[in-house]
Structure formats: C-alpha cells, structure tokens
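[1] Dropping the sequence and predicted coords here.
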Amino acid sequence: WSTMKLEFTRHRDTEVFVPVPSDELLETLEEHQMQLQAMVGQGKAVDFFRVKLDKWQMTLGNVESVLKLLLNAQKSWSSLEAIFLASADIRAQLPDDTKRFETIDGEFKELVKVVQFQPGVVECCSTEGRETMLVNMNRELEKCQKALNEYLDMKKNVFPRFYFVSNMALLDILSNGNNP
C-alpha cells in the first residue's frame, strides 16, 4: 500500500487537477478487504496477528470510505460548477446557494491541491479531519443540488412543457434564455 498512489487528470479546461483512482487501486482495495475479512474468520489461528489485522482492516475501511466521499464530492462539484459559476440566471435566482457553492468551490480546489501533493492513497485518506471535511462538503453540495432541483421544479410548474425536458437541457435553456 506504500506504493499505491492516486492519479490525477485535468478538469475540463481549468487549472484544477482532480484525483482519479485507477481500476487497479479499487480492485486491490476490494480484494485486500475480502482477504482481511477471511483472515478474521480463522479464529485462534490469527490471534498472534490480531492487532495488525485490526489495524489494516481499519486503515483499508478508512481508505474506502474517504475515497467514496472524495469521488462523490468531486462528481457533485463537477456537475454543479458549470451551473453555479457560469450561469448568470442561476446566480441571480439562487444567490444564497451560489454563495454556498462558491465557498465549497474554494474548499474543494484547495483540497485537491493538497491531495495532489500527497498522492499516496493511505496517507491521503488517513489525514486528520479529511473524512469529516468531505462529509460536510457533500452535505453542502447536496443542499445546492436540492435548491437547484427546487428551482427547476418551480420553472416546470410555470411552464408545463418543461416536464418533457431533461434537467440538464432545461438548465441549458434557462441559462441561455436570452441568447438564442
């Protein structure tokens, strides 16, 4: 695990590099967790290694949960970024949520910079407070997504034909409404 590292890719045309865990990393994580679970079931045969076994179970469990939180935050941030930062209509209609997203945007960009200089998976995921920070970030991103969905539902109530349009297409229509 000391050699397992996160890979990074450029996010769209920005200066932000986001982590991309390789398939090898995810498969190895799952395989090693299953192996550890099998070892735990051996009973007295592993009592001598119990402390190390428990430590590695906690470490890999933490890696899994932090990676899931990071990827979830990254996915949400990526989908909301273009909406909240580029759409003047959304910024005007949802000013509180735009401010919330701008705060999250800064925190997320700072986080990925830090993670980029600490690409070791175990070190990255074991950093003090990282899991709590990601939980809070995901909660705030969900609030932004919920506000955006409520805004779209309101538009659909005003213009019933919008019910037949996907949310992404509707966002495109609303953000470019004055620019046909």
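    Everything's here; your move.

[2] next SSE after the lengthiest helix in the chain?
    For the chain, the helix that runs over the most residues, judged by DSSP state H, is helix 50-86. Downstream of helix 50-86, the next assigned helix or strand under DSSP states H and E is helix 88-93.

[3] How far away from the center of its chain is that next one?
    Relative to the chain's own centre, helix 88-93 is displaced by 24 Å; criterion: C-alpha atoms, centre = their mean, to the nearest Å.

[4] quick one: contacts for the residue nearest the centre of the chain?
    For the chain, the residue nearest the mean C-alpha position is A73 (2.0 Å; C-alpha atoms, centre = their mean). Neighbouring residues of A73 by C-beta atoms under 8 Å, 6 or more residues apart in numbering: 108, 134, 137-138, 141. Bear in mind the C-beta positions are built from the backbone N, C-alpha and C, glycine included.

[5] Those residues in helices, which ones?
    108, 134, 137-138, 141.

[6] hmm, back to that, got a markdown table for the contacts of A73, with neighbour count too?
    Shown next, in a markdown table, are the contacts of A73 (neighbours: other C-beta atoms under 10 Å):
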| residue | neighbour count |
| --- | --- |
| F108 | 24 |
| L134 | 24 |
| M137 | 22 |
| N138 | 19 |
| L141 | 23 |
